[in-house]
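Student: just need the structure, nothing else, for what follows:
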Amino acid sequence: RKGEVIEKGSYNDLIADEKSEVNRLLKRSSIRQSQSSNKKNEDEKEDAKDEPEKEGDKVTKEKKSLLTKEERNIGAVSLSVYLKYLKAGGGFSKFAFVYIGYVLTA
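Tutor: Predicted structure coming up:
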């Protein structure tokens, strides 16, 4: 606890010992997960009683809950970001020198 090593051994050894901290934590975690899944199942059953659903609707509803819509900003990079890149790369003079060298060799 608090960053100290309490037990050591292989996963199988730690799970086999009923008194191990790893075993206790896993049991505690699985109890919480089963409680939350039971609550979720009860909520779904109540929703199903209210409205009859088709099988296809149920699958679509599950997919919607698992996926989140990703935000995408087009053209959102401001000039200040490019100026920070220039400064981090050594400043405008180095950028100009490298760019002119590239143009002359190309």
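Student: for stretch 83-93, what is the average pLDDT?
Tutor: For stretch 83-93, the mean per-residue pLDDT is 90.
Student: also stretch 24-40?
Tutor: 72.
Student: check stretch 11-18 too.
Tutor: pLDDT averaged over stretch 11-18 gives 85.
Student: helices of this structure, start to end?
Tutor: Taking DSSP state H, the helices of the chain run over residues 11-16, 21-50, 55-66, 79-88, 92-105.
Student: what does the fourth one rub up against?
Tutor: The set of residues that contact helix 79-88 without belonging to it, under Cβ atoms under 8 Å, 6 or more residues apart in numbering, is 92, 95. In short, each C-beta sits where N, CA and C put it, glycine included.
Student: that helix vs helix 92-105, what angle?
Tutor: If you take axes from the mean of the first three to the mean of the last three Cα atoms, to 10 degrees, helix 79-88 sits at 90 degrees to helix 92-105.
Student: for the nearest residue in space to V22 that is not next to it in sequence, what are its contacts?
Tutor: In space, and not counting its chain neighbours, V22 is closest to L14: 4.2 Å by Cβ to Cβ, 6 or more residues apart in numbering. By Cβ under 8 Å, 6+ apart, the residues touching L14 are 7, 20, 22-23.
Student: same deal with G9?
Tutor: For G9, the contact set (Cβ under 8 Å, 6+ apart) is empty.
Student: how close does E7 sit to A16?
Tutor: Taking Cβ to Cβ, to the nearest Å as the measure, E7 falls 12 Å from A16.
Student: again with L86
Tutor: Distance, L86 to A16, using Cβ to Cβ: 60 Å.
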